[in-house]
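> just a sequence and a predicted model for now, questions to come.
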Amino acid sequence: MVPTRHPGIWAALLGAVATAVVLGVASSAAAARVRMRLEPACLPLGDQATLVVEADGQTDRAPRIPAVPGLDIQLADRAVRARAGPATVWTYRVTPLEAGHFVVPAVAVAGGASSGAVLDVTRSAACAARAHVAASPQLPHHTAPQAGLRVSPGLWLAVGVVTTLAIGALLRAFHGHRTQDMG
């Protein structure tokens, strides 16, 4: 039996509970954010690539990767990471059966969809040489490659000689010499 002395309070409480339930159902029905990447994106025939699919939240059902003629794609691992919100990560082993340009189509997971991924497979090691030139996790501000490409905010792909120029000691020695002469 519900006390009837304060019917307004009970109506407000019932409304708040109903709103919380509706919001909870709506948020759980939201589509997951899904990301797909191939590592490396270019390789010589005979090597393997790794296809990584990551979806926000936890789900046991692995995404179905559509068949791509010329590629053998096999599920290798599934992991759940908790850092920065739960996410499920599937790793696939990709074995090229022939050289060429391949597109792995987008996949759907928990109502969300990824973009596709591209893999270039060459008959020579030229692609591998380009991919393995020089990767630096993060170049200091005073260091710059002769030629390079910023892959992400913390990753430079450098081609050429990377030289660190240290002039701090030279300036200190010069500054000390000047103050002695003026003294």
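On my side now, so go ahead. Numbering: from 1, shown residues only.

> need the helix or strand of this protein with the lowest average pLDDT.
strand 135-136 (a mean of 42; mean pLDDT, DSSP states H and E).

> how about the closest residue to Ser115 other than its chain neighbours, phi and psi?
Using Cβ to Cβ, 6 or more residues apart in numbering and skipping the chain neighbours, the partner closest in space to Ser115 is Ala106 (5.7 Å). No exception for glycine: its C-beta is placed from N, CA and C like everyone else's. Backbone torsions of Ala106, given as degrees, to the nearest 10, read phi -60, psi 150.

> show me the chain divided up by domain.
34-132, 134-183 (automatic domain parsing).

> for Val103, see how far away Leu38 is.
10 Å (Cβ to Cβ, to the nearest Å).

> Val34 is in contact with Gly111, correct?
No - look at Gly111 against Val34 with Cβ atoms under 8 Å: they stay out of range, at 9.2 Å.

> name the residue in those two with the higher neighbour count.
Under the neighbour definition other Cβ atoms under 10 Å, Gly111 and Val34 were set side by side, and Val34 has more, 22 against 12.

> give me the beta-bridge partners of that one?
For Val34, the beta-bridge partners are Ala55 (DSSP bridges).

> any idea how far it is from Glu98?
28 Å.

> flag the shaky bits of this protein, pLDDT-wise.
Scanning the chain with the threshold set as pLDDT under 70 gives 1-30, 127-183.

> repeat that for 80
1-31, 83-84, 125-183 (pLDDT under 80).

> can you give me the strands in it?
Here the chain has its strands, by DSSP state E, at 34-39, 42-44, 49-56, 71-81, 87-96, 100-104, 108-109, 112-113, 117-122, 135-136, 143-152, 155-164.

> buried residues, stretch 35-51. List them.
Buried positions in stretch 35-51, judged by neighbour count with 16 or more other Cβ atoms under 10 Å: Arg35, Met36, Leu38, Pro40, Cys42, Leu43, Pro44, Asp47, Ala49, Leu51.

> still on that earlier bit, please enumerate the shared neighbours of Leu38 and Val103.
Ala117, Val118, Leu119 (Cβ atoms under 8 Å, 6 or more residues apart in numbering).

> pull out the buried residues from the residues you listed.
Listed as buried from those are Ala117, Leu119; burial here means 16+ other Cβ under 10 Å.

> could I get the shared contacts of Leu38 and Val103 in JSON lines, plus columns for distance to Ala62?
Formatted as JSON lines, these follow (distance: Cβ to Cβ, whole Å):
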{"residue": "Ala117", "distance to Ala62": "16"}
{"residue": "Val118", "distance to Ala62": "21"}
{"residue": "Leu119", "distance to Ala62": "20"}
